[in-house]
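Participant: here's a sequence, model it:
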Amino acid sequence: MAETKHTPGPWNLSKPDVESGNTDDYLIWVPAELGRYEIVERVGGQVYDHGTGEYLDYSEVEANAHLIAAAPELYDELEQAARVLDALSVNAVAKNLADSVLPGIRVALAKAKGEAAP
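Facilitator: You can find the predicted model right below:
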């Protein structure tokens, strides 16, 4: 597996919580030493509709937070899928299947690593 530069997963997700004082943001975090945690990312803030003057539903913010929190596992599984498809490419039928999906997988992995697409 290639060496990654991002914070290793799994990443945890905490929802906004009035009791903790974090009322706006979803926190994506990893455990750190001595029972502490390291915040990987904050997702959220209040979504305000200037047209109506109302705060909007958090559903899209929450969905984004879940997707970001899953990123390390998604990346690892995509790398594994690319290796499996490469190995299956010895069979002509499997090679056609692999050739149809591997380019997209490689582009997504390069994007996740901040590299140019292959």
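
Participant: in terms of helices and strands, where is residue 62?
Facilitator: helix 59-69 (DSSP states H and E).

Participant: against which helices or strands is that helix packed?
Facilitator: Where contact means 3 or more CB pairs under 8 Å, 6 or more residues apart in numbering; DSSP states H and E, helix 59-69 is packed against strand 12-14, strand 25-31, strand 37-44. Backbone N, C-alpha and C define where each C-beta goes, glycine included.

Participant: let's see it at 6 Å
Facilitator: Judged by 3 or more CB pairs under 6 Å, 6 or more residues apart in numbering; DSSP states H and E, helix 59-69 is in contact with strand 25-31, strand 37-44.

Participant: could you dump it to PDB, C-alpha only?
Facilitator: Taking Å, rounded to 0.1, in the frame of the first residue of the first chain, the C-alpha atoms of helix 59-69 are listed here in PDB:
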ATOM      1  CA  SER A  59     -29.200  17.400   6.200                       C
ATOM      2  CA  GLU A  60     -26.700  18.400   3.400                       C
ATOM      3  CA  VAL A  61     -24.100  19.500   6.000                       C
ATOM      4  CA  GLU A  62     -24.600  16.200   7.900                       C
ATOM      5  CA  ALA A  63     -24.200  14.200   4.700                       C
ATOM      6  CA  ASN A  64     -21.000  16.000   3.800                       C
ATOM      7  CA  ALA A  65     -19.600  15.400   7.300                       C
ATOM      8  CA  HIS A  66     -20.400  11.600   7.100                       C
ATOM      9  CA  LEU A  67     -18.700  11.500   3.600                       C
ATOM     10  CA  ILE A  68     -15.600  13.200   4.900                       C
ATOM     11  CA  ALA A  69     -15.400  11.100   8.000                       C
END
